[in-house]
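Colleague: Requesting a structural model of the entry that follows:
(chains A, B, C and D)
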Amino acid sequence: MRVNPTLATEFKELGAAKVTECFNCGNCTAICPVTPQNNGTFPRRLIRYIQLGLEEKVLNAPEVWLCLTCAQCTVTCPREAYPSEIMVAIRKDIIESGMCPVHMRDFLNNLQKQRNPWGIGKFKRDQWRKKADSPPPTVKENPEFEWLWFVDCAHSFDNRNIEVSKKIARLLNDIELNYAILGREEGCCGNDARKAGEEGLFLLLKEENEQIFAKYGVERIVTASPHCYNTFKNEYDGYDVKLLLEIIYDAIKSGALTLKHPVNKKVTYHDSCYLGRYNDIYELPREILKLIPGVELVEMPRNRREALCCGGGAGFVVSEYPGEIRPNNLRAKEAADTGAEVLAVACPFCMIMLEDGVKVQKVDDKIVVRDIIELVYESVYGPEEG
Amino acid sequence: MVNDRIGVYICHCGGNISDVVDVYKVVEAVKDMPEVAVAREYMFMCSDPGQKLIEDDIKNYNLNGVVVASCSPHLHELTFRGAVQRGGLNPYLFEQINIREHSAWVHKHEPEAATEKAIRLVRSGIAKVSLARELSTIRVDMEPKVLVVGAGIAGIRAALDLAKADVEVYLVEKQPFIGGRVAQGYGAYPSGRMGSEIIKELIEELKKEESKIKLFTNAEIKSLGGTIGKFHVVVQVNPRYVVGNCSNFNDAIEKCPIEVPDEFNYGLTKRKAIYYPYEGAYPELPVIDMENCNKCGECVKICGGAINLEQEAETVEFDVSTIVLATGFNPYEPKEGEFGYKQFEGVITLPVFERLMALSNGKLTYNGKEVKEIAFIYCVGSREKDGEHEYCSRYCCTATLNASLAALEKYNDLRIYHIYRDIRAYGKYERYYEEAGKKGELFLRYVPEEPPVVEKEGDKLIVKVKDQLTFGEEIELPVDMVVLSVGMEPRNEDVFQMLRVPFSRDGFLQEIHPKIRPVETAIGGVLICGTCQAPRDTVETTASASAVAAKTETYTLKGYTELEPFIAEVDAEKCTGCGDCVPECPTEAIELKEVAGGEKKAFINEVLCIGCGACGGICPEEAINLRGYRYDQLRKMIDAMVEEV
Amino acid sequence: MAEENFKPKILIFAAEMAYRAADMAGLTKSEYPSTTYIVRIPCASLLRPELILYAFQKGFDGVFVASSGPDCPFMGEKCVDKTAKRVEKAYELLKEHGIEGERLVLSGVCSTCVETIVGKTEELEKTLEELGPIKKS
Amino acid sequence: MVEKYDALVIGGGVAGMESALVLADAGYKVLLVEKSPSIGGKMAELSKVFPTTDCAGCIISPKIAATSKHPNIKMMTYSEVKEIYKEDEGKFKVKVLKRPRYIDEDACIGCQRCEYACPVLVPDEYNYGLVARKAAYIYFAMASPRIAQIDLDNCILCGRCERVCPTEAVNFLQQPEELEFEVKAVILATGFKPFDAALKTEYGYGKYPNVIHALEMERLLAPSRPYNAVLRPSDGKIPDKVAWVLCVGSRDKSLGNPICSRVCCMYSAKQAILFSAAQLLADLTVYYMDIRAFGKGFEEFYNMAEDMGIRFVKGKVAKIEETENNNLIVRVENFETGEIEEEEYDMVVLAIGLLANSDVIKVFKNVNVELDPYGFINQFDVNANPVLTNVKGVFVAGCASGPKDIPDSIVEAGAAAAQCIDYLYELGYKISKVETAEPEGVVSGK
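Modeller: Numbering: from 1, shown residues only, chains lettered A, B, ... in the order given. Here you go, the predicted model:
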């Protein structure tokens, strides 16, 4: 096999900026939670093929679709070569060559057509608002808003997460945050389109969002989704981005929210990849949980930097995962094994994936999945309302 | 002669000893021994009053020996020797007996047994001192004069450091110019500065110390004799044929009709028979290479009196107190056919590549052809487990990375491959490895069982590697040039033989101990630094050169060195001249010499003897004794220990 | 064979590092048989086989040559070989004189090797207790 | 009257002692300041040293003795340099804080009676908490000065030490003392800081009892070790399957240290060899990225380790997991097989790296000693004169300027002494030969 070093240069342009910095230590392969046991050299194998310029082998490697973009490899890579980003770059290359795998098509089509992963009609994006007792103001209702609450797809379309959205709205109203939502005009942040390799779609979504933000003069964005948070913070330019939990934490600290009702539960917290490994936010969710009276916080053996991914990133929240391993089921079991009654999450995708996992593992009689916001809400307003 | 007025002092050590050992009983048990003049116990012998007690007793009782039974001699031997000396007695007529660590503390549950043991130990001390003789340290004068062999970066650094501390240095270099391999190299890591620049700066410093550094270039050491403190050196200074200054040397060089391959550039260029190797070479006078000169006289026409084609070699003799060997290394010369070396055009070694870079501006060209793709093959002539060079040459990994990065910086669009075994860019040099990755240089790993193969295909060289990083697949690299990252080989210089310095297993010179005495050899007064000792880079080389200077200065600044008096002595009456002791000595301090009557006897060189006593142990006649540990003393100690209490 | 109350007398020739180890045994408050006597020597290669025999002839029941082993400050690893030769020769001498070879042991002892110096001495004491006292010549 | 010295050496490890000894032997007066209670440094903790496997104690103890007894060296232990002002070439004003030991140093004879009498047990830092020490204690057996100290943080003030002390050396009222000196030159020999193994969470140090770090292994292997064997912490069993994981906190940008620590490959091979020598049938594996056996005799040593049956596996260990019986599963991509290897071990040793320990630069009040990008003291003229710092009269030796093994540190310590001597000569502080009269202001060696 002859080498072709220009391939690495091409991949650098595709976003694998540090592909030649990889010194082939093998850490990424061995730390990857989904590396197939019998073909055990993913993702380094693909990185190596890029370095050598063996494009055929890169484009025909099904493993690249296994990557959850959980970034365990990236945060532990001794050379900071960002292996998970390299996987994304390979996906881009594959999709650009028109070879999008079947299982990813629905996800990407849905995004393309309806601007959400599930393909629900985009006009339904603001329907949840009508069900809310304390609905959020729209940008039209409150044109002088300071913060845009970017509600995100899951909190707009997924029923379980809509329960959370309603609570967020009440909390934000009660702390008198000057905010508004875009309503029907909201789009998708594009984080997972990008991670799935659809860079073109991502750029389209980004442009749309930027236009709409410009239209309403958006400068500051608050979002409850780590995926949106990550994209706005790291892939968009010029916005002041906050995580909803930061606003909530400040409100608790300033006394705007009072956690007066105890939540007497043993709780374990599942780190979201896009909060933790991507943005180094490990302690904030835990700090909030510790402030809730009655909560006993226990840790799963794999926590923080080492936490196992729920399996919902890069489109897998709707796409069929092509690997044998089911991370959400494993994680649900890990959570149940701690003896916790509540599995607290801080991400709407984790919510969907882990609720599923809890059911599949048949531990739903022992443990329930709840958003941290819901626990805060219960502590603020009492159990009957929570 | 027996010392029969010995003072014996038993220390309580504030209870540490006396809580277990009955010190009064010990005093009782020894005070009436025929050799003992006075025996006492005291609370703290090491205290000022304790020492004073000894000093006073020496005077009052006219003592001719002292035994102190207390803690370990490693703690207070020097203390008590001082007291004995202050009392007016030879400090070696003293023995410290350890009844704390060796009795009270290890037998604390058996006070009676511990006391009995203490008595026996004290008696053995008395026995030893009764036969002790006066000793004194051996003083060797050390004139501040040092010979430094080799004027590469190590020799220059050592010479400079010594000269700055007022040591007179004789710096002898075989080549007509100084600076060695660093001047020849390209950029030096980690400073990134040109080797020739670094040398130039050192030469400027050297010029300032001219009064103290006598530099001989084109010079060989003809003979070396003597021992530490006084080595006699004979140097032959070969003619340079350029004897004075001339402003037109450059014209003379131009006019010279002879052209030969320039060894400084590994034959990549030609030079004249009269030449400088490079801009700024030192000494500033050119040299005439008489092997190639046809004495046409063209240069003489231009420079006249500055050139003397009939100049003769000169001999210089001088004495020095120590010798510094800084003779450097040779780059490994690959065998014909080793990775295509001398088989295919375009296969060269790393040092040649560095010269090529120094000579190629704009484009990297070799034999008129532009070089765009280069493969570096590592560990050539190093890490051969069952081969000639088992050792790792240490500098080559970083030197290769450094050269490849320098090449990338100097020339556009180079494509670089590294075919390595382990990248040993140790310590902070890791950044070169990282940088190479950043720049897109590609690394392939081979195992020695399946080395890369170099083949020719059209105008390209093809390197085939079973790449361990690619799951053992064979990868083919089409390149224009293959650079062999060659290791360092030890040199074998005549001076090594003259001095009989030992070599280590790898063929480099052997230090006494890498940690305790890292720059000294088993031959007293002969020090080593730089790459004659082991493969090293410039940083480690200059550090070792300075360390050599420091070691030398510990002698020369004071003007003398003192050696322990515990050395071997030969009883000529008993010695039969069998010579068994000669090879037994680890420092070659014993020589058989003929004495009157034609008989041979062993002679000990007091300066070289380190006092191990191995010669005494092997002597069939008990003709050799170690001072301070004579066999009669040891036997009497044994007698004393077995005697009933 | 063993006699009542027999406490074997052991002579330790302690070279530089072994002597330090014996010091360290004291500092760490280790215990070993009290009828052991230490003679300090710089290097075990100094020992003449005859001197070892002499110790037995004078009444020592056992001799422990505690060399510095490869840590010898005088000659490093070369010490091991040289000392071994002396002790081998001593074994021959002992045999000639009808003294059991087990009474003589050799071991390299580094400066912090408390275990070695204590352990070997205890082992030798045990051996000697079984062999009984030496016959004085 | 401020005491004057020719040179101040900061750090009493192997490099600092060597620099001090060379200067003192040459006839200069040296002030040696060491933070910890004894000189000896990290080397005094080690078992045997590569590649000669000679015992660390055998090398360090004579050096400790020579340093403490040298008439030209004033040693201040348990003391810290607080301030240095460079007033001129050859003139540095130095403030040293001498911390109280609560023991009169001149009176203490090192008999350890206080130590035996003391009823308080605390983890012994010298042995990395593998065993306990008392609140009144001598730092370690070879310590010099051999002076006890009382750890007031743990002391219960029962007064037993005071009652048993034969020299009445115990003094609970002792105060910290600040002393001033004037020196002509300064050598920085402050060594390194070991990487905190707990920061690499994937390896479970501090969480899994049988994951230990290399300095702990050194203590377990040392002839003066706390137990008589290498025992695994969870159950005290002798492990027979042990793995060494290299590059823990070295060559790892994700842990903040991109550079290589130079010694870990070799000390791991050495530990494996020592372990194997005691337990011939043990199953030992070393996981590495590159084996960096670069020094004199190192490659041969590595070959010997391989020949002894120690398995060297190329592959960066990604994580370690614990089984129910406290065994450990090491997960790595094995480059020989191209597969992921999950191997179970009784014990795992983390080869922790050497980090910069350069706080000393803060004591320079009116000059700036520069650091390199990795936080080590910058070598100002690295190729031609590697022991110079950017400040004239301030020199650096040993690990203070970068990770280094013992032979390289010792050589550099000699070099620093040489440059220091040249500096003193340049300023006219020459050593006069002993025969001649002693000129004023110059110390001669006697």
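
Colleague: From the chain's centroid, how far away is stretch A:176-193?
Modeller: 15 Å (Cα atoms, centre = their mean, to the nearest Å).

Colleague: and if you look at stretch A:81-98?
Modeller: Stretch A:81-98 sits 19 Å away from the centroid of its parent chain (Cα atoms, centre = their mean).

Colleague: give me the low-pLDDT residue ranges for the chain?
Modeller: Going with chain A. Where chain A drops to pLDDT under 70, the residues are A:37-40, A:385-386.

Colleague: switch to chain D, that's the one I care about
Modeller: D:432-446.

Colleague: cool, and chain C?
Modeller: For chain C, the ranges with pLDDT under 70 are C:1-4, C:136-137.

Colleague: The stretch 351-500 of chain B now?
Modeller: In the stretch 351-500 of chain B, no residues with pLDDT under 70.

Colleague: Pull up the residues of it that are close to chain A.
Modeller: B:415, B:417, B:423, B:433-434, B:437-443, B:445, B:469-471, B:473-478 (Cβ under 8 Å from any Cβ of the partner chain). Heads up, the C-betas are built off the backbone N, CA and C, glycines and all.

Colleague: among those residues, which are in helices?
Modeller: Of the positions in these, B:433-434, B:437-438 sit in helices, assigned by DSSP state H.

Colleague: and those residues, which are buried?
Modeller: Using 16 or more other Cβ atoms under 10 Å in any protein chain shown as the burial test, those include B:433-434, B:437 as buried.

Colleague: need the residues you listed in a markdown table with distance to chain C, can you?
Modeller: Below are these laid out as a markdown table (distance: Cβ to the nearest Cβ, whole Å):
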| residue | distance to chain C |
| --- | --- |
| B:433 | 36 |
| B:434 | 39 |
| B:437 | 42 |
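
Colleague: What residues does the single nearest residue of the stretch 51-200 of chain A relative to chain C make contact with?
Modeller: Chain C sits closest to residue A:78 of the stretch 51-200 of chain A, with a gap of 36.3 Å, by Cβ to the nearest Cβ. Taking Cβ atoms under 8 Å, 6 or more residues apart in numbering or on different chains, we find residue A:78 in contact with A:23, A:25, A:27, D:247, D:251-255, D:289, D:316.

Colleague: same deal with residue B:482?
Modeller: Contact analysis of residue B:482 by Cβ under 8 Å, 6+ apart lists B:339-340, B:344, B:346-348, B:374-377, B:454, B:461, B:463.

Colleague: quick one, strands of chain C?
Modeller: With DSSP state E as the criterion, chain C has strands at C:10-14, C:36-40, C:62-67, C:104-108.

Colleague: Out of these, which one sits most buried?
Modeller: strand C:62-67 (a mean of 27; mean count of other Cβ atoms under 10 Å in any protein chain shown).

Colleague: Which elements pack onto that strand?
Modeller: strand C:10-14, helix C:16-27, helix C:49-58, helix C:78-96, strand C:104-108, helix C:114-131 (3 or more Cβ pairs under 8 Å, 6 or more residues apart in numbering or on different chains; DSSP states H and E).

Colleague: any idea how far the residue of the stretch 51-200 of chain A closest to chain C lies from chain B?
Modeller: Remark: distance between residue A:78 and chain B (Cβ to the nearest Cβ, to the nearest Å) = 10 Å.

Colleague: which residues pair with the closest residue in space to that residue that isn't next to it in sequence across the strands?
Modeller: Nearest residue to residue A:78 in three dimensions, chain neighbours excluded: residue D:252, at 4.0 Å (Cβ to Cβ, 6 or more residues apart in numbering or on different chains). Listed by DSSP bridges, the beta-bridge partners for residue D:252 are residue D:257.

Colleague: OK, contacts around residue D:252?
Modeller: Residue D:252 sits in contact with A:78, D:200, D:258, where contact means Cβ under 8 Å, 6+ apart.

Colleague: Scan the contacts of residue B:482 and report the most crowded one.
Modeller: Counting neighbours by other Cβ atoms under 10 Å in any protein chain shown, residue B:377 leads the contacts of residue B:482 with 30 neighbours.

Colleague: right, and the secondary structure at that one would be what?
Modeller: strand (DSSP: H, G, I helix; E, B strand; the rest coil).

Colleague: For it, which residues are in contact?
Modeller: By Cβ under 8 Å, 6+ apart, the residues touching residue B:377 are B:339, B:419, B:452, B:454, B:463, B:482-485.

Colleague: Among the residues you listed, which are located in strands?
Modeller: Of the positions in the contacts of residue B:377, B:419, B:454, B:463, B:482-485 sit in strands, assigned by DSSP E.

Colleague: host element of the residue of the stretch 51-200 of chain A closest to chain C?
Modeller: Using DSSP states H and E, residue A:78 sits within no helix or strand.

Colleague: now the one 10 residues further on
Modeller: For residue A:88, the host element (DSSP H and E) is helix A:83-96.

Colleague: Could I get the CA-only coordinates of that helix as PDB?
Modeller: The C-alpha coordinates for helix A:83-96 follow below in PDB (Å, rounded to 0.1, in the frame of the first residue of the first chain):
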ATOM      1  CA  PRO A  83     -10.200  11.800  18.000                       C
ATOM      2  CA  SER A  84     -14.000  12.300  18.200                       C
ATOM      3  CA  GLU A  85     -13.800  15.300  16.000                       C
ATOM      4  CA  ILE A  86     -11.800  13.300  13.500                       C
ATOM      5  CA  MET A  87     -14.700  10.800  13.500                       C
ATOM      6  CA  VAL A  88     -17.000  13.600  12.700                       C
ATOM      7  CA  ALA A  89     -14.700  14.700   9.900                       C
ATOM      8  CA  ILE A  90     -14.800  11.200   8.400                       C
ATOM      9  CA  ARG A  91     -18.600  11.300   8.500                       C
ATOM     10  CA  LYS A  92     -18.500  14.600   6.700                       C
ATOM     11  CA  ASP A  93     -16.300  13.100   4.000                       C
ATOM     12  CA  ILE A  94     -18.600  10.100   3.600                       C
ATOM     13  CA  ILE A  95     -21.800  12.200   3.500                       C
ATOM     14  CA  GLU A  96     -20.200  14.700   1.000                       C
END
